[in-house]
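>>> A structural model of the following input is requested.
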Amino acid sequence: MVKFDIVNIEVPNGSNLMLYGPPMIGKSVFVRNLFYEKVSNGFGGIYVSTKDTAEALTDWFGNFGLQDFRIIDCVSKAMIEDIADTDTIKRVSIMDLTGISVRVNGFLEEYWRSGVRSILLAFDTISTLLMYLNPQTVFRFLHVLTSRLRAAGAVGLYVVEEGMHDEKTTTTLKQLFSGVVEFREEEGKRFFRFISSTIRTDWKEFTIENEKVVVL
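Okay, the predicted model is just below:
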């Protein structure tokens with residue numbers, strides 16, 4: 001089992017969780033906090049970004065002292081075509097889902113070879129993929145990716161923007177995940193809850209202070 005202290009939940013190894021809510025509510029900071037929590041405590045970390053460059057992520061996590069993780073940067077290739085990879089940063093076009101899968105597999109295998117069995121993957125965001133590719137293509141890609149993580153006993157976190165996709169697309173995506181962290185805003189306050197087949201938490205208020213999630 002894998003426990004996330006921030007949301008106070010425990011999920012089985014191999015779980016894939018959706019973070020779903022309206023834009024600008026803080027989902028990206030939330031997923032970074034969850035990622036930091038586990039990777040700073042010994043998990044292998046793979047961060048797939050369709051929003052920010054590897055350098056931006058390295059700077060953000062570096063401000064909190066976290067440096068030892070892997071990044072799949074789906075942003076930089078659109079700006080600098082021949083930008084180089086490193087051992088810990090792989091850059092791929094956002095349209096190249098096969099390339100993303102290959103690099104995820106490569107990092108998973110690298111961690112396993114080094115003896116790391118607890119691995120967390122964060123994907124921020126799925127919604128950007130859906131802006132460029134049709135839902136069926138993205139669904140097939142995610143079906144393979146979530147199955148791969150499940151087989152490896154890794155945990156995946158995937159950000160999805162509420163309101164950017166039709167209800168059919170959202171419903172189809174949710175079928176891939178074993179749980180959902182839902183977000184809502186009410187009277188200027190932000191809340192989250194966790195729902196799975198076995199757990200339904202109450203809504204909890206949170207704020208973000210200096211890039212850190214604070215549960216009230």
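
>>> I'd like to know how many residues surround Glu110.
15 (other Cβ atoms under 10 Å). Using the backbone N, CA and C atoms, a C-beta is placed for each residue, glycine as well.

>>> Check the burial of the nearest residue to Val116 once chain neighbours are set aside by counting its neighbours.
Nearest non-adjacent residue to Val116, counting by Cβ to Cβ, 6 or more residues apart in numbering: Gly44, 4.2 Å away. Residue neighbour count, defined by other Cβ under 10 Å, stands at 23 for Gly44.

>>> thought Gly44 was touching Leu120?
Yes - in this structure, Gly44 is within contact of Leu120 by Cβ atoms under 8 Å, at 7.3 Å.

>>> hey, what's in contact with both of those two?
Counting by Cβ atoms under 8 Å, 6 or more residues apart in numbering, no residue touches both Gly44 and Leu120.

>>> for the chain, what spans make up the helices?
Assigned helices in the chain, in chain order: 27-39, 54-62, 97-113, 126-132, 135-152, 167-174 (criterion: DSSP state H).

>>> and the fifth one, which residues are buried?
Read it as helix 135-152. Pro135, Val138, Phe139, Phe141, Leu142, Leu145, Thr146, Arg148, Leu149, Arg150, Ala152 (16 or more other Cβ atoms under 10 Å).

>>> Among those residues, pick out the one closest to Val213, please.
Leu149 (23.1 Å; Cβ to Cβ).

>>> so who does the residue nearest to the closest one when sequence neighbours are not counted touch?
Excluding the flanking residues, the one nearest Leu149 by Cβ to Cβ, 6+ apart is Gly156, at 4.7 Å. The contact partners of Gly156, by Cβ under 8 Å, 6+ apart, come to Ser15, Asn16, Leu17, Leu120, Leu121, Ala122, Phe123, Leu145, Thr146, Leu149.

>>> Of these - the most surrounded one?
Going by other Cβ under 10 Å, Phe123 tops the contacts of Gly156 with 28 neighbours.

>>> residues contacting that residue?
Counting by Cβ under 8 Å, 6+ apart, Phe123 makes contact with Val48, Thr50, Gly156, Leu157, Tyr158, Val159.

>>> Contact partners for the second one?
Going back to what we said before, that points to Thr50. Residues near Thr50 by Cβ under 8 Å, 6+ apart: Cys74, Val75, Ile94, Phe123, Asp124, Thr125, Thr128, Leu129.
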